[in-house]
Structures are given as structure tokens and as C-alpha cells.
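1. I'd like to go over a predicted model; first the sequence, then the structure.
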Amino acid sequence: RVFLPLLLLGVILPGGDNEDGPTSFHLIQISTFVNNTWAQNQGSGWLDDLQIHGWESDSGTAIFLKPWSKGNFSDDEVTELVDLFRAYFIGFTREVQDRVNEFQLEYPFVIQVTAGCELHSGEAIESSLRGALGGLDFVSIQNHSCVPAPDGSSRGQKFCALTTQYQGISDIIERLLSETCPRYLLGVLDAGKAELQRQVKPEAWLSSGPTPGPGRLLLVCHVSGFYPKPVRVMWMRGEQEQPGTQQGDLMPIGEAAGLNCRVKHSSLGDQDIILYWGHPTSIGLILVAIIVPSLILLICLAFGVLRFMGSHRIGHD
């Protein structure tokens, strides 16, 4: 009895608009402290999941990964921001190293900071900042207030208390979150719209994967090359989606009749890509997967028999 595993395989290009949620810009800081004399700061800027900025830590210089990464900011504004972040990284490193004992930190450790803003429907923009130690949140800034993480850690409380001693820095952070980030987000979406709003239709095809075992065949539905990122790939029987079919699900081939792989994507409009299982091409895949190995085996046997007969004839003569 031959069984058919159902497998969906999507190859996703980075970036793209999120049609069902907010569009965001956020900066990610990863600061690694190895000991009291060595630390490294890494920085990057992201539009949704598309990286558009980097940070050269040795020289303290921003890297613009797209021609439109500066948005509608002037060169002077960009220079001012780069200088600000360079000074921030220097001051942040020094402040953390000076307060290792106060915050009960043990080398080596990693501090992560994510800060940015999100554009929701109606152009409402929300800003946020989160700080984490070793991957666990310990503080966030919400509604212009510093809020310790709810895990009860004293580090978050100490950090929020510390911010009151640096009101000038807190004001700069607040201005960056509530004014600079929203203005930049709207500007970069406009500057990069030719690339960000492009539509690339996906390519889809069926293939037979490696045989999972005796009497079993693997059918793979491939989807690749599409933009933007959101895509939906489904196994269907007629017009009914087959719920819960995932990699490794098995189905007798006799029950696979009428199955099709359906691909939905914004570039396709209402014209979904539908690949039918049972189409001559699909049947051909089964024939190739089953018959070709058998033919190879028969050919090898035939050569073996001929060689044996030839050597036997020579010996007889």
C-alpha cells in the first residue's frame, strides 16, 4: 500500500508590506559585555522585517542599506542623529560598566534594546521601547512612563528610578520616540514605495521528495519568488480546505484523488494558483518515482546476466 505525506514548502523573500497589521520601524541594539574592559555594541534598523540600516561598531558609523534608507531627512539631520547614537553607545557602555555591582550583573552578559514606532490604520502611530537582559524583558517605556517588567525583577525598578536622575536624556528619548520616529517612518515609506509596494507573482510547482520508506511517496508543494511576504498555501479537496495537513501527515493514495495545492497572494488578485493532484504531470511524478528505479534495477540485472553468459560461452569454447 502506497501512502502520500502532504507537505507545504514556502520559500519566503525578506521584507514586504504586512497587509493585516501595522507597518513598523524599529532599531535593535545588542550590547555584549565580556568583562569590565571589553564590550561591543551592535545596531540595526528594520522596516517590518526588512533591514535597512546597519551600524559599524568600530568606527561608530551608520550603514544605509537602501538608497532610500534616509527617508526624507536632510543630510544635516542624518548627521545629527548618527552623532547622537555614537555618543549614546559610548555613554551607555560606560554607564553599564560602572553599575555592574549595583544591578547585580555577572560577566559575560548581553543587553538588548528595541525601540521604534508602528503605523496603524488611519495613520495612528504608537511608539515603544523595551529593554532585555539575556533575552528576558526587564523594562519598557509606555505612554511616556518607565514600566518595570512584571516578573518582579528589581533591575527594572532600579532602571526606572535611575531615569529620573537623567531627565535630559529621558526627554531626548521621548522626543525620538514620539516625534522623530513617526516622521521618519512616514518619510521612508514614501521614499521607498517603489520597492516596498512592488508585486512579484509567486512560482509554484509540485515535486516528489525523497522516498520516506518502502511503499511511501512524498509530494511537495513549492512556493517561491513572491513579494510582498504574506502568502497563503493550502491543501484543498475541491473547494474545501484540508485542515491540519502538515509535514509528515500521511494519506492513502486512494484518498488523495481530488486534492490540489492552492496559493493565494496579493500579486495574483483573485486568480489563485491551483496545482491539481492527479493531473497528468502529477501522475508522471509518481511514475518517474516508482518506475525509473525499477528500470535501473532491471537494466543492471540484464547487464549482469549478459556478462555472465558471455564469460560462460568463452569458457565453454
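-> Great, that's in hand.

2. contact partners for Ser57?
-> Applying Cβ atoms under 8 Å, 6 or more residues apart in numbering, one finds that Ser57 lies in contact with Gln40, Asn41, Gln42, Gly43, Phe89. (Each C-beta comes from the backbone N, C-alpha and C, glycine too.)

3. go with 10 Å
-> Contact partners of Ser57, counting by Cβ atoms under 10 Å, 6 or more residues apart in numbering, are Ser31, Ala39, Gln40, Asn41, Gln42, Gly43, Phe89.

4. for Phe89, same thing?
-> Gln29, Ser31, Ala39, Gln40, Asn41, Gln42, Gly43, Trp55, Ser57, Gly60.

5. next one: the host helix or strand of it to chain centre, how far?
-> Using DSSP states H and E, Phe89 sits in helix 75-98. A distance of 28 Å separates the centroid of the chain from that of helix 75-98, by Cα atoms, centre = their mean, to the nearest Å.

6. which residues belonging to that helix are considered buried?
-> Leu81, Phe85, Arg86, Tyr88, Phe89, Phe92, Thr93, Val96, Gln97 (16 or more other Cβ atoms under 10 Å).

7. now, the contacts of Phe89 that are in strands?
-> Using DSSP state E, the subset of the contacts of Phe89 located in strands is Gln29, Ser31, Ala39, Gln40, Asn41, Gln42, Gly43, Trp55.

8. between the residues you listed, which is nearest Arg155?
-> Closest approach to Arg155 among those (Cβ to Cβ): Ser31, at 14.7 Å.

9. the closest one contacts Ala39, correct?
-> Yes: taking Cβ atoms under 10 Å as the definition, Ser31 is a contact partner of Ala39 at 6.5 Å.

10. joint contacts of these two?
-> Here Ser31 and Ala39 share the contacting residues Ser57, Phe89, Phe92, Thr93, Val96, Ile111, scored by Cβ under 10 Å, 6+ apart.

11. the domain parsing of the chain - what is it?
-> According to the TED database, the chain comprises the domains 24-197, 203-277.

12. do me a favour and average the pLDDT over the last one.
-> Averaged across domain 203-277, pLDDT comes to 77.

13. cool, stretch 66-79 as well?
-> Mean pLDDT, computed over stretch 66-79, is 97.

14. end-to-end on it?
-> End-to-end distance for stretch 66-79: 17 Å, by Cα to Cα, to the nearest Å.
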